[in-house]
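A.B. asks: Just a sequence and a predicted model for now, questions to come.
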Amino acid sequence: MAIDGLIVLDNTGRPIIQSGFRLATAAYPLLHIDAFNTAVLKSQRAGDIEPVIYVAPFNVSDPPTACCHVECGDIRILAPVSGDVDPLFAFAFLQTFIDILREYFGTISAATLKDNFDVVYQLLEETLDSGGHPLTTSPNALRDIVLPPSLLSKLLNVAGANITSAINSGSGLGAAGGPFSSPIPWRKAGLKYNSNEIYFDMVEELKAIVNKHGTTLSSSVWGKIETNAKLSGTPDCLLTFTNPHVITDCAFHPCVRLQRVKRDSAMSFVPPDGHFTLAEYRFTPSASATSARFQAAGATSSVLAKENVPIPFLLKSTVELTESGGTFEFILTSRMPSQTLESIVAEMYIGEGAGGVKCVAARGDGGNMGRRGMPDSSSGSSTGSWAFDAKKMVVRWEIPAAPPSSVWSLRGSFSSSSVVRPAHALQVRFAVSSYTFSALKVDQLKVTGEVYKPYKGVRGRATGNIEWRW
Amino acid sequence: MAAPGQDAKFFQRGKIEEFRAELHAAETKDKKFVKRKTVLKKIVANITMGNDMSPLFTDVVQCLGTPLLEIKKMVYLFLVSYGRSKPDQIHLVIPNFLQDCNDRNPLIRALAIRTMSYIPIPVVTDALNENLRHCLKDADPYVRKTAAICVAKLYAADPRRAEKGGFVEQLRDLMLDSNATVVANAVAALSEIGDRQDGVIFKLNLATANKLLAALPESSEWGQIYILDSLLRYVPEKHADAEVMAERIIVQLQHANSAVVLTTIKALLYLMNYMENRRLIDYICKKMGPPLVTLLSSGPEVQYVALRNILLIIQRRPTVLKNDVKVFFCKYNDPIYVKLAKLEIMYRLARAENANEVLAELQEYASEVDIDFVRKAVRSVGRLAIKVEDASDACIQALLNLIETKVSYVVQEAVIVIKDIFRRYPGKYEGVIPTLCQHLDALDEPEAKAAMVWILGQFADRIDNADELLDDLLYTFLDESVEVQLALLTAAVKLFIYKSKSDKAKELVYKVLKWATEDVDNPDLRDRGFMYWRLLAINPTVAGEIVLAEKPAITTDSDRMDRGALDQLLLHTGTLGSIYHKNPETFIRNATGKALKDSPALNAHSRAVLVPVARTQLPPTVVNVPGPGPSESHERNETAPPPVPDLPAPTTSKPTPPTPPLSSENASGDATDDGSDDEGDADEEPRGRANADPYSNLDGAFGNYLADEPRPMGGRQGDDEDLLF
């Protein structure tokens, strides 16, 4: 079970940095870069390259290998594997490595990696052994052995990372009892903060598919508890919830004691320092709870299957296709009881060869546009705006903020030079701040093992990604 | 990427001189070693860019004495890159290595042995041997965990020497270390050694397995993966042992790391083979579903791996995800590889209860843009009709609606599957034939055309103008592909048998037989032509009985994977094998196959289908390893079974195994298809049972989307019940 190494490519497919590949021939990484670039050329859509590419061997007598790859900003990271490796192992490692790069540099781009190549190199050395075994991947421990770039240390400080002690312990040769002296791999010993704070952000995403009759075919809410801990010493935290039954299928950060969760749904943990994801979960709505929370205008709740989370808006669509194009009308009605739907973006692919898109975005149901005296299609924020991306062939409709029960419409037409084959669905994304679908509520946070009482901050944020078919 | 030209060479040489001068200059008046640090950084940058910096070897090595960790690291980096290419100069560094191995900073001790283990040159290995033994017992856990991995490297360079040195025993002791990371790394090293064909066999007993589990909560995610994976090396002797262990690890399904989750599932699936408690098995199956679904909320890469594994798991344990078909509905924006994998799973999970939902989705997909996906969606509608009898009416209607769209590739796919539906439900849907005949002209692909011709011939007695239609089709007989020609030949014969009085039919069959036997070069076609001709000439009645004999009904049940093969593949859950749906020893050199091991606790169903694995067990004394490096040749014991040969075949013809081109096996090709693989092995591997290698026919059956291609119903009654266990 091993990864042969890592190769970082820029967006033209040229390598920027790669690990040693000490156990392979010099041609080996090139072979993988080449296989990847060939796959890119062959694929029609950018995202359609299979994540595990088969790589034919250079010599026929050699066994074939595979190349796992992920995209991140304007770079691609390839992980060639030659044994019977778990590809998830490779992907999990790639994700961890990307997280580490982000910790170190703030943003990840070809330019930052080039600027800090020596740090990246050291990180590669410390995180991945040449035999493919991940070594130290916990950012807390890594900071002891690889110094973050000094120019960026300020930035890191702002981001909340505790760096001063890292510099002190790492720069001296002797560092007695320094690195790895902590008994807990994810937390280092002897942290000190003037004010002890811990923040929990509950971020939930609703993913759903709605058919043309407005029935939710499948929906699920995935949540994360993103945590930022700035606590001194070795605090032992116990986080309890008033309604833990609303969440299920949890996945926890290694610091959470799983046996305790099993016993009474409380999260008991010694947190890592800085940012981490404490837990991921799925929201399971119970029929009564949701209907109470969604008594919105015109919602026909009988249509909604009981186990589905209601979609916080309604979309009515009329699309007519002709030989040479089509016309469409979409009416979106917010069904949120009190919150505002923010940054709504609806996208529709209208097919190869399409063009001549003309639209009118308006507030109101479109039938009586004159009501608010804004009959023009000017893309003001109060009407919503639209744009056509001729490269991706996508019509994009944006509504910056939709208050409860507000109605919005987009009417338009397009022409097509070839057979009209648009996507039969709109992809709608939105966000709601200070809100969660699950209404998961923190009861209290108890800290033992330390004398202080930390400040605790809890926030909620919801996003949605809905496919609405017509 | 290209080889550097002449100019680049000059450029490089100039630079090397420059660096050398700078290094010399830095030897004096270098406050806090800033100068040296800068030059070394530049050199490392050049290594990164792929420039050869090896001429600077002696100069760089001089810096090793500098008492600054950063500089030491860069010099070691240099050594790792060029050490093995300088066997004549490497001795210069040995004293530094030895000194650093005894440094009081654990980071430096670890760095020294790690670097040494990367340089497989005898002088270095000799020095490493002695120091590694100390480092394995170092007081600092960081040094111990690094040393554990170094043993695997040492073993790779010279297995027998590492064994004689007692390193394997030392690793075994480290599995009981107090530090979890050290334990995990010891397990990782032992696994790496155990996975080598020439390595010692790594097995766990109950006591050690329990010790490893105790280290689980404190390990890093990577450590957990190694430990969980190693549980497959433990063979439970009692049902209870397996059950207790499963209960201990099931909590790991809640880990945030997707690889930990999948490895846990692999271990659970393995342990379930040794369990008896039916309720616990059901409970575990129920527990495995949600984490698999959770993986689908990750990025497309993880989704893809998860989907391929789910496809395997639900075949062996159909209760997992039984009620979750909805989570596999495709979104328009999903990458195509995710969509195709979801489509296959949706079909697998389809039952009478959810057939309508699934069908509605498939119809939705049939209007999408991606041609490949649309085709497979249409085909899935047909497979659904064959699989779920209750849904067949709705499926036929859906297919007819699709044909009305007149989109060429949709019509063609629909015709192909309708042919199979006719065979599955004889006498039920022949009423739609006139509709199909209307779209005859739209068919231009061989498979679709052949399917339509088959329908024309088979039901020639119910199609009034069958002779006219066939006549039209025969117009281009000599230009058609063999597949269509064969179908036309048979159809003409069937028409003649149905309507032997008709002059037109007589004329047609004569024309075709003459073409087939005289004008065509293809031997299959000629042979079949002669055969029909003789049949008709000798006894037309018997010919009719033969040609129109009742066909066995087809079903999709029989094409599930062989149980034993499935058990074995599931041992590779989450590995490349599970992505390609092939056993790794068929595509990875030096991979050892995994197989369920028999024990009193192994349940009867699993034992019945047990597949023995051929592992080359080489007596240590016989092996003679000539030199370092990963590719070694071994003297083999004559009596030992030869290893499974490296089969490039399964994948070379299909660069992307998960979605190979549609293979259309017709009846005549079937028999030879499976046989050819077997023959390839036959001379090398004595075969005890005819079915000893369950993978020989995996290729067509699995990597392919058409895994469920309808086939004659086999006599495998009660299979379903078996699978549920």
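C.D. replies: Received it, and whenever you're ready, just let me know what you need.
A.B. asks: contact partners of the helix or strand that contains residue B:39?
C.D. replies: Counting by DSSP states H and E, the secondary-structure element that holds residue B:39 is helix B:34-48. Contacts of helix B:34-48 with the rest of the structure, by CB atoms under 8 Å, 6 or more residues apart in numbering or on different chains, involve A:17-18, A:117-118, A:121, B:15, B:19, B:22-23, B:25-26, B:30, B:53, B:56, B:60, B:63, B:66, B:68, B:70-71, B:74-75, B:77-78, B:81. Heads up, the C-betas are built off the backbone N, CA and C, glycines and all.
A.B. asks: From chain A, how far off is the nearest residue to residue B:252 once chain neighbours are set aside?
C.D. replies: Closest residue in space to residue B:252, ignoring its immediate chain neighbours: residue B:264 at 4.3 Å, by CB to CB, 6 or more residues apart in numbering or on different chains. In this structure, residue B:264 and chain A are 11 Å apart, going by CB to the nearest CB, to the nearest Å.
A.B. asks: Compute the number of surrounding residues for residue B:199.
C.D. replies: Burial of residue B:199 is recorded as 22 neighbouring residues (other CB atoms under 10 Å in any protein chain shown).
A.B. asks: Next up, the contacts around it.
C.D. replies: For residue B:199, the residues meeting the contact criterion (CB under 8 Å, 6+ apart) are B:155, B:159, B:193.
A.B. asks: Need the three-state assignment for residue A:240.
C.D. replies: Secondary structure of residue A:240, reduced to three states by DSSP: H, G, I helix; E, B strand; the rest coil: strand.
A.B. asks: So what pairs up with it in the strands?
C.D. replies: Counting by DSSP bridges, residue A:240 forms beta bridges with residue A:444.
A.B. asks: So for it, what's the pLDDT?
C.D. replies: As predicted, residue A:240 sits at a pLDDT of 92.
A.B. asks: I'd guessed it sits against residue A:441; true?
C.D. replies: No. Taking contact to mean CB atoms under 8 Å, the distance of 10.1 Å between residue A:240 and residue A:441 leaves them out of contact.
A.B. asks: Can you give me the buried ones in the helix or strand that the helix holding residue B:39 is followed by?
C.D. replies: Sequence-wise, the next helix or strand beyond helix B:34-48 is helix B:57-61, with elements assigned using DSSP H and E. Neighbour counts over helix B:57-61 (16 or more other CB atoms under 10 Å in any protein chain shown) mark B:57, B:59, B:60, B:61 as buried.
A.B. asks: Same question for stretch A:34-53.
C.D. replies: The neighbour-count criterion (16+ other CB under 10 Å) identifies A:34, A:35, A:36, A:37, A:39, A:40, A:48, A:49, A:50, A:51, A:52, A:53 as the buried residues of stretch A:34-53.
A.B. asks: and what of stretch A:187-201?
C.D. replies: By neighbour count, and taking 16+ other CB under 10 Å as the criterion, the buried residues in stretch A:187-201 are A:187, A:188, A:191, A:196, A:198, A:199, A:200, A:201.
A.B. asks: And the second one, how far from chain B?
C.D. replies: In this structure, residue A:188 and chain B are separated by 13 Å, where distance is defined by CB to the nearest CB.
A.B. asks: quick one: that residue is in a strand?
C.D. replies: No. For residue A:188, which was evaluated using three-state DSSP, the result is coil, with no strand membership.
A.B. asks: Now it, what are its backbone angles?
C.D. replies: With angles defined as degrees, to the nearest 10, residue A:188 sits at phi -90, psi 160.
A.B. asks: thinking it is in contact with residue A:273, fair?
C.D. replies: Yes. At 6.8 Å, residue A:188 counts as touching residue A:273 under the criterion of CB under 8 Å.
A.B. asks: where do the contact lists of those two overlap?
C.D. replies: Overlap between the contact sets of residue A:188 and residue A:273, as judged by CB under 8 Å, 6+ apart, is given by residue A:140.
A.B. asks: So which of the buried residues of stretch A:34-53 sit within helices?
C.D. replies: Judged by DSSP state H, the subset of these located in helices is A:34, A:35, A:36, A:37, A:39, A:40.
A.B. asks: per the record, what domains does chain A have?
C.D. replies: Each domain of chain A is listed here as a residue range: A:7-136, A:198-289+A:437-463, A:310-433, per automatic domain parsing.
A.B. asks: Could you look over those and pick the most buried one?
C.D. replies: The highest average neighbour count among the domains of chain A, using mean count of other CB atoms under 10 Å in any protein chain shown, belongs to domain A:7-136 at a mean of 20.
A.B. asks: Since that was my last question, I'll sign off now.
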